[in-house]
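# Following is a predicted model, sequence given first.
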Amino acid sequence: MLRSYYFRLGFKNLDRMALFLLLPSLLFLIIFFLYPFFYGLILSFTPEKGKPIYDNFYVFLTDDWQRSTIWKTIRLAIPITILAILWSVPLAYTMRRGIRFERVVTTFLILPVSLGTVLIAEGVLGFLGGNGWFNQFLINIGLIEEPLRLTYNYIGVVIGLFLKNFPFCFLMLLGYVSGINPEIENSARILGASPRQVFWRVMLPLMAPGITIAFALVFVLDFAVFPTAILLGQPADATRTIAIAAYQMAFEHYDMPKASAIAMIMAVIQIIFLAIILAFRKRLYRGTSLGIAKG
Amino acid sequence: MKVVTRKSLWLLAFYMFVFGFIILMFGIISHVAVSSLAKVWFATPLPPGFTTKWYVFAYKEFQLPHVMYVTVAVAAGVVFIGLLISFPAAYVFARKDFPGKNYLMILYLLPILVPQMTYGIPLATAFSKFRIAGSILGIILANLVPMIPFGIFILTPFFEQIDISIESSARILGAGRLRIFQKILLPLCIPGMLVAGLLMLIQTVANFELSFLVAGTESQTLLINLYYAIFAAGMRPIYAVDAMAVIYMLLVMSLLLIILRFVPPTQMVFRLDRR
């Protein structure tokens, strides 16, 4: 009976056993990922008594102080993402066939990704702080007289986030570039293309799909910045990001409907951005990713 | 000739950037380490005197035994349940083709790709409604949300490598499903389980967002405890906070050292080419 039902749906190959094996993970994600999301969505449309249904969003978007968090977050996320991509692409390209000390370099790069933003923040506070080694060094060689202010401001957040997300972006792209069949590059060279032409006309278009996805992923990560903005920035002012606004609403004001509304606005902005990137990717690089992955 | 100069210039810039990055990371890590051992330290290249008393201080002041217990319990729970749930699902993903498989893949990708802060707040809200927020169980469940799909995507290629004809032969020779699982799939998948388990372990120990949003005062992992210590800087000596940071760092680095024996660094981040 059950089996014929699967047949009608076209689930020929998904026998009862496979469904049974898949079920625990599926149930888990439905209960602990999809359900909370829809719970939050419904909550965000649950206003206080007598207010219109969109009130939680309206309150956030009409309050200058709250709305400015969107701009403050974008102001952080876009430059950091562009910086990370601009450094990652040439570096990954240079390392596509391996370099000397590659193991050392990649190990040092995986370190900040593994340690996480909180530890990086503590390290940057010490090393780049007013009394840290970096400022001491610059003062001792006579380059500056007053220590540079690199922490507890916008620059601090940029540095902290770059340290974590640049290696993430770079290692992602390095994996992608080294998956491109080297024969393609060799053919281009044999046919007389210069190294410059190989990069701009052959390899960059082949890397483009990976670059756009990496760009989208890193931007979305940067847009959700939270601990770095608090520990290394001015969380009450210049680096009060949208994630901080959502957190404060939830755990300092205990206003879950309004907090959910802010989280939803955050998600919507991320989705809009992703859609723009993916549309851009489709327009520019149709078909170039075919048949390049070695697997 | 012109090309050669440009190329070597580029290589110089390349090595300078890599070198600068390594110096920065090295400086960050050693600054924390030196500070944790300083008696006092103020604007000199090295502190005038060294001591290990801040570790003793941190041990008492930050309730380190309890924090370590929470961290280990959470990590063990996530790895154990995570492997248990993702192992069978990875098998299905590797072996079966069914309509809607791609859509299912997208659902499984979402918790990995969507930032944890974005879905963490609705998750924490739902958890507090059902009173599982603030408990160790809550932190385990929250961390499992990205870790189960992550485990599936790590394990699937390991199953794909196992030739399906081995399974078929065993079946022809009369082995039942349980026996095939015991004698063939499980032994062949031990390396995959090891890699997936280790990667889950390090990501759980280093997870900030989800653990932070769900943790209560009695259920802070080492990293969350460290965050609050940095956040409330000035309440306690910075040297003691740095001692905590060093303990966390040693834990993550020793895990990383083990992992790097099995996994190349490029595979530790999200793989772009698998889409």
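Everything's here; your move. Residues are numbered from 1 along each chain as shown, chains lettered A, B, ... in the order given.

# hey, where'd the helices end up in the stretch 1-150 of chain A?
A:2-9, A:16-29, A:35-44, A:55-62, A:64-94, A:102-115, A:117-127, A:133-140 (DSSP state H, counting those that start in this stretch).

# Next: chain B.
Counting by DSSP state H, the segments of chain B that form helices are B:2-36, B:53-61, B:64-95, B:101-113, B:116-129, B:136-161, B:164-172, B:177-180, B:186-205, B:209-214, B:222-231, B:238-259.

# what about stretch A:199-212, near chain B?
Yes: shown here: stretch A:199-212 in contact with chain B (Cβ under 8 Å from any Cβ of the partner chain) through A:Gly210. Just so you know, the C-beta spots here come from the backbone N, C-alpha and C atoms, and that holds for glycine as well.

# Using CSV, list the CA coordinates for that stretch.
The C-alpha trace of stretch A:199-212 is given here as CSV (Å, rounded to 0.1, in the frame of the first residue of the first chain):
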residue,chain,number,x,y,z
PHE,A,199,44.7,35.2,-16.5
TRP,A,200,42.2,37.7,-18.0
ARG,A,201,40.8,35.7,-20.9
VAL,A,202,41.0,32.1,-19.7
MET,A,203,41.4,31.6,-16.0
LEU,A,204,39.4,34.5,-14.6
PRO,A,205,36.2,33.6,-16.5
LEU,A,206,36.7,30.0,-15.3
MET,A,207,37.1,31.2,-11.7
ALA,A,208,34.2,33.7,-12.0
PRO,A,209,31.4,31.4,-10.8
GLY,A,210,33.5,30.5,-7.7
ILE,A,211,34.3,34.1,-7.1
THR,A,212,30.7,35.2,-7.2
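
# Identify each buried residue in it, please.
A:199, A:202-203, A:206-212 (16 or more other Cβ atoms under 10 Å in any protein chain shown).

# So for those residues, which is the shakiest by pLDDT?
Scanning these for pLDDT, the low point is A:Pro209. It has 86.

# what would the buried residues of stretch A:199-212 look like in TSV with distance to B:Val32 and secondary structure?
Output for those, formatted as TSV (distance: Cβ to Cβ, whole Å; DSSP: H, G, I helix; E, B strand; the rest coil):
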residue	distance to B:Val32	secondary structure
A:Phe199	39	helix
A:Val202	44	helix
A:Met203	39	helix
A:Leu206	41	helix
A:Met207	36	helix
A:Ala208	39	helix
A:Pro209	39	helix
A:Gly210	34	helix
A:Ile211	34	helix
A:Thr212	36	helix
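
# what's the closest of these to chain B?
A:Gly210 (4.8 Å; Cβ to the nearest Cβ).

# thought the closest one was touching A:Phe170?
No: applying Cβ atoms under 8 Å, one finds A:Gly210 not in contact with A:Phe170, separated by 11.8 Å.

# Poorly predicted segments of the chain, please.
In the absence of a named chain, chain A is used. For chain A, the stretches with pLDDT under 70 are A:1-14, A:284-295.

# wait, chain B
Using pLDDT under 70, chain B drops low at B:1-4, B:272-275.

# State the distance from whatever residue of the stretch 51-200 of chain B ends up closest to chain A to B:Val74.
Ranked by Cβ to the nearest Cβ, the top residue of the stretch 51-200 of chain B for proximity to chain A is B:Pro122, at 2.8 Å. Remark: distance between B:Pro122 and B:Val74 (Cβ to Cβ, to the nearest Å) = 21 Å.

# Compare these two (neighbour count), which wins?
Under the criterion of other Cβ atoms under 10 Å in any protein chain shown, the comparison of B:Pro122 against B:Val74 puts B:Pro122 first, with 29 against 25.

# Quick check: closest non-adjacent residue to B:Ala89.
A:Ser25 (4.1 Å; Cβ to Cβ, 6 or more residues apart in numbering or on different chains).

# can you pull the contacts of residue 81?
Chain wasn't specified; assuming chain A. A:165, A:215, A:218-219, A:222 (Cβ atoms under 8 Å, 6 or more residues apart in numbering or on different chains).

# ah, no, chain B please
B:140, B:144.

# quick one: contacts for B:Met105?
B:Phe93.

# okay, the helices of the stretch 1-150 of chain A in a markdown table with distance to B:Ile106 next?
As requested, the helices of the stretch 1-150 of chain A are exported to a markdown table (distance: least, Cβ to Cβ, whole Å):
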| stretch | distance to B:Ile106 |
| --- | --- |
| helix A:2-9 | 19 |
| helix A:16-29 | 12 |
| helix A:35-44 | 14 |
| helix A:55-62 | 27 |
| helix A:64-94 | 23 |
| helix A:102-115 | 24 |
| helix A:117-127 | 27 |
| helix A:133-140 | 44 |
